[in-house]
Structure formats: structure tokens, C-alpha cells
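>>> structure for the following, please:
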Amino acid sequence: MTKKLWGGRFSKDPTSDVEDFLQSIEVDREMVLEDIWGSEAHAIMLARQGIITGEDLRKILYWLNIVREKYLKNEFTLRKEDEDVHLSVEKYLIEGAGPEYGGKLHTARSRNDQVLVDAKLHIRWKILEIKKKIIALQKVFLKIASENTETVIPGYTHTQEAMPVTLGFWATAYVSAFNRDLRRLDNAYDNVDSNPLGSCALAGTSFNIDRRMTAKFLGFSKVHEHTLDAISSRDFVAETLCSLAILMSTLSKLAEEMIYWSTFEFGIVELDDSYTAGSSIMPQKKNPCVAELTRGRTGRVYGSLMQLLTMMKGIPMGYNRDLQEDKPPLWSSLDVVEKTLTVTAGMIETMKVDKKRLEELAGSNFTTATELANHLVREHGLSFRQCHHIVGDLVGTLHREGKTFMDFNEVDKVLSKHKIKVTYAKMRSIFDPKQNIHTYRSQGSPSPKEVKRMIAEFTAEVKKNEKIIQQQETKIKDAEKLTQRIVKDVLSGKDVCAIKI
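Model (predicted):
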């Protein structure tokens, strides 16, 4: 036989250039253990269905176990001439067990469904790891929120001071946003968590295989039933990448706030030394490099999504070699997101907040003007648009004269022009940001009472999500334990059909 396992049809081996062009070994390194697990599940099913013999199975499982041990000891070499991890593992198996045994593993299986199994097994774990890191970041924000329900800060629109809010309100906004990221990843996980094994090349097989059995051995929640659709599908990769891209947009938004909040001009936060970097020429510099790279690497994840969507758009049903290009952008993005979540949590947890500076900013630039308009609506029976005009006139006058809401004589003079009389005591509670935040009454507002309620609900949701992740991890681990128990029993001489599953 030629050095290619599929070489019977060919009279020539590929040139070295073609060999290098076709191979995906570097990308496949991520999936060696998944390939072995998927192969074990497939072999056990073949034997239980009577498609291969018990002796065939023992030889196959023995040599797959050797591959696993060698890989874990860094002694298993993935060779470029074998193209991918699937052929490399199978070739080692055949060399060890002999073609009369090892050559039977690929019965009722194609690389087309095999690569999908390996990728899905790998992506499942990666999604769960990212979900755990999101929750860890949420906990950091919830701690900030619970300690700062009455710490007044300016809320911004158009990067201009808008209305007084609280640091706790700001922190819970990110908890809320990350909840949506978790839900998107949950949806992606659900589509990843289906068994494609048994789809073969595209049309299934004439062998009496049991796809539900392999789903059980691999911890999949369901079987991806339609074999042509299963082989053609990469939307689960696109959905995962889309979820990661949107998550990175949230992290980039946070990074941007850290970048300008930590400037001398804003002076709101000081980032910890361990999450910043210096300048090679300016000794005084303390640059927010973690935040800047978060912002920059968001584009890398966006690019990965566009790369995949562009690859997918022109492919007809069935397997096409283009689909080999699905993993590089996904692996890269998973790595970027995992690392970004880790350093972001550390950056936020260790930052120092200048609460006095926040209070100064919250009381500047007429941030309480909206509540003054609301007050005039309630007290004087005017329409909101009328009150908006009156308060706008007041703000414009005070601004031109270099005065603030605290110059009550000027406030009274302008409002009297509009035939409105107010008392200093009532105005004080409106103009003071610390008191202003207590005027909010609507659901989800910066009112300390509302923020405390949201903190309690978000905390409960975090616990619920942690429990779901634990259940998902347990299901996968239990499936792997089941497979390994069967492997151990078979290698000890037991009849595979007599083993309880």
C-alpha cells in the first residue's frame, strides 16, 4: 500500500508541496484525545452490533490506549504526511495492531463525520470554560455593585455627563450584558451537543450501526439525525464564533471605559501596576495595555467570524475540503476570548476607584437637569416639553454666567421669569446627586433600592448558571467514564456484549 491510507485509487503520492498544502496537523493537535475517545466509542458500538468481533475490539482498544499514553507523555508524533489527526491515529493503530485488526476501525465511518465528532467534543469543553470565566467576571462586578449602591457617578450619553447614577448601577449593567452572552453561548452549546457520528461520508451506511449508543458513550444529548445535513453543517461553528464576537464587543466596551476613565483628565480609576505597562522613553507613563489589547483583539475575533462565513457561503451540500478551514479561526478566537476574560477579571478586581472624583463629576455640568424638569411637571402641571424648554433656558443662562444649580438666587431668577416659584429645600434634594439617585422609581433604575434588588436577582442567576455548567460537565465526564470502564473491561477479557451500559 502507499503511505496514504486511502491510496489504493492512486498511482502517485502527492508532491511535498501538495502534502504541505493539504495537511491540518498543527490545527488538529487540539483534538488528539477527542479523536481517541470518538474512536473508542465507535469501535465499542461496532462490536456490540456484531459488525466486528470481540478480538477485533480488544486489539483496537489496546492500541488506541497506547496512542493516548504516548500522547500524554509527548511521545506521539503527528506526521504531516498523514494529513490530519484522524489518519495519523488510525495509521499508528494499523501499524501496531496490523491491518487485519486496526483496519476494521473505520468500518461505517468517514473522516467527514469523524472530524465533526472531534470538533464538537472539543468545542463543548471550550464553551463551558468560557462560560465559567464570564461568571467569574460577573462575580467581580457584583462585588463592586454590592459595595457601591450609593456611590454616585455620572452616567454618560455621547461621552458627555448625562444623569447621576451609581457605581453599583454601572457594575450591574455589565452583569446584565454578560447574562445575554451566556444565553448566546448556551444556544451555541445546544447545537454543538448533537452526535454526527454515523453520518459517514454523507449518506449513512448499510451496516446496522446504533447512533444513539455512540451518543451515550460520548455524552451527546441527541443525535444529529439527517446525515447529509450533519456532514454539511458548520453553522454550529459560526454560532459559536458569533457568540464570541458579541462577547468581545462587550469586553471592548468595558476596555474603552477603563482606557479613558484612567486618563489624567478623567481621573476616575487607577489600574493596578500588574495590568499596565510602561514606556521605553517616558519614565512617568503607565499605559492601560491590557485594556488596549482587549480593544484591539476584538477585531481578530470579528475577522474570524467573517472568515468562516465567507468560507461557508459558497459550499454546496455534502463535504467539501473548504470545511477544513473552520477550525483555525475558531481555535484562535476561543484562545483570545479565554485569555481576555481572565485578564479583564483581574484588571477590574484590582483597579482603584477615586470616589471623590466620581462625586465631583456627577455634580458637574448640570447632570440633575432631567429630574428638575420631571419635578416641574409634577408640581406645576406643565407638559414635559414645556418643562424641558424652561430647564434648558435655565441651564443655558447659568452656563453662560459660569454658575451652577447651587447658585440658587440665579436659579430662582430664571425660573421666576417663567412664572415658576420654587423653594430652596425642594431644589436641594433635586440638585444634589447623592439625593437625586433616590428619586428614581422605575424598574431597573439607579435607585439604590432597585440596584440591591437587581444584585440579588443577578446573584441568583449566577448560581443557577453555575449549576447548569456543573451538570453539563458532569454529563460529559460520566460519558467518558462509561467509555473508559467499557475499555477497561474489554481489555481485561470481558465480552463487550455482556457489559452493562
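>>> which non-adjacent residue is nearest residue 444?
Using C-beta to C-beta, 6 or more residues apart in numbering and skipping the chain neighbours, the partner closest in space to residue 444 is residue 450 (6.5 Å). No exception for glycine: its C-beta is placed from N, CA and C like everyone else's.
>>> against residue 149, how distant is that neighbour?
Counting by C-beta to C-beta, to the nearest Å, the gap from residue 450 to residue 149 is 9 Å.
>>> circling back to that earlier point, can you tell me which residues contact the residue nearest to residue 444?
With C-beta atoms under 8 Å, 6 or more residues apart in numbering as the criterion, the residues that contact residue 450 are 440, 442, 443, 444.
>>> JSON lines for those, including pLDDT and neighbour count?
Supplementary listing: the contacts of residue 450 in JSON lines, determined by pLDDT from 0 to 100; neighbours: other C-beta atoms under 10 Å:
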{"residue": "440", "pLDDT": "92", "neighbour count": "22"}
{"residue": "442", "pLDDT": "95", "neighbour count": "8"}
{"residue": "443", "pLDDT": "97", "neighbour count": "9"}
{"residue": "444", "pLDDT": "96", "neighbour count": "14"}
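>>> export these to a markdown table and append columns for secondary structure and distance to residue 171.
Formatted as a markdown table, these follow (DSSP: H, G, I helix; E, B strand; the rest coil; distance: C-beta to C-beta, whole Å):
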| residue | secondary structure | distance to residue 171 |
| --- | --- | --- |
| 440 | coil | 17 |
| 442 | coil | 19 |
| 443 | coil | 18 |
| 444 | coil | 14 |
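>>> residue 200: which of those residues is nearest?
residue 444 (51.7 Å; C-beta to C-beta).
>>> just checking, the closest one touches residue 453?
No. With contacts counted by C-beta atoms under 8 Å, residue 444 stays clear of residue 453, the gap being 9.3 Å.
>>> tell me how the chain divides into domains.
Domain segmentation of the chain under automatic domain parsing yields 7-107, 113-361, 369-431.
>>> gap between residue 498 and residue 48?
Counting by C-beta to C-beta - residue 498 and residue 48 are separated by 10 Å.
>>> the more surrounded of these two?
residue 48 (19 against 8; other C-beta atoms under 10 Å).
>>> quick check: the more buried one vs residue 492, distance?
17 Å.
>>> just residue 85 next, same as before
Separation of residue 85 from residue 492 (C-beta to C-beta): 28 Å.
>>> and these two? which has more neighbours close in?
residue 85 (24 against 8).
>>> where does the more buried one fall, phi/psi-wise?
phi -60, psi -30 (degrees, to the nearest 10).
>>> and the residue nearest to residue 350 when sequence neighbours are not counted, what does it touch?
Spatial nearest neighbour of residue 350, excluding adjacent residues (C-beta to C-beta, 6+ apart): residue 272 at 3.7 Å. Residues near residue 272 by C-beta under 8 Å, 6+ apart: 346, 347, 350, 351, 352.
>>> can you check residue 460 too?
Contacts of residue 460 (C-beta under 8 Å, 6+ apart): none.
>>> any idea which helix or strand carries it?
helix 448-491 (DSSP states H and E).
>>> quick one: average confidence on that helix?
Averaging the model's pLDDT scores along helix 448-491 yields 98.
>>> quick one: distance of it to the chain centre.
16 Å (C-alpha atoms, centre = their mean, to the nearest Å).
>>> same check on stretch 136-144?
16 Å.
>>> and residue 35, what does it touch?
Applying C-beta under 8 Å, 6+ apart, the residues near residue 35 are 28, 85, 86, 89, 114, 118.
>>> in which helix or strand does the fourth one reside?
So the one you mean is residue 89. helix 85-97.
>>> what do you get for the fifth one?
When elements are assigned from DSSP H and E, residue 114 belongs to helix 111-147.
>>> just the first one next, same as before
Counting by DSSP H and E, the secondary-structure element that holds residue 28 is helix 25-28.
>>> mind listing residues that contact that helix?
Residues beyond helix 25-28 that count as contacts (C-beta under 8 Å, 6+ apart) turn out to be 35, 78-80, 82-86, 88, 327-328, 331.
>>> compare the residues you listed and tell me which has the most neighbours.
residue 35 (26 neighbours).
>>> list the contacts of the residue nearest to residue 252 when sequence neighbours are not counted.
Nearest residue to residue 252, sequence neighbours excluded (C-beta to C-beta, 6+ apart): residue 298, at 4.2 Å. Neighbour list for residue 298: 245, 248, 249, 251, 252 [criterion: C-beta under 8 Å, 6+ apart].
>>> relative to residue 227, how far out is residue 298?
From residue 298 to residue 227 the distance is 37 Å (C-beta to C-beta).
>>> rewinding a little: tilt between the helix holding residue 460 and helix 111-147?
For helix 448-491 against helix 111-147, the angle by axes from the mean of the first three to the mean of the last three C-alpha atoms, to 10 degrees is 150 degrees.
>>> so for the residue nearest to residue 159 when sequence neighbours are not counted, what's the pLDDT?
In space, and not counting its chain neighbours, residue 159 is closest to residue 260: 7.9 Å by C-beta to C-beta, 6+ apart. Looking at residue 260, its pLDDT reads 95.
>>> for residue 260, give its distance to residue 340.
Taking C-beta to C-beta, one finds residue 260 at 19 Å from residue 340.
>>> neighbour count: those two, which is higher?
residue 340 (25 against 14).
>>> what comes up buried for the helix or strand encompassing that one?
Residue 340 belongs to helix 327-350 when elements are defined using DSSP H and E. Residues of helix 327-350 classed as buried by neighbour count (16 or more other C-beta atoms under 10 Å): 327, 329-334, 336-337, 340-341, 343-349.
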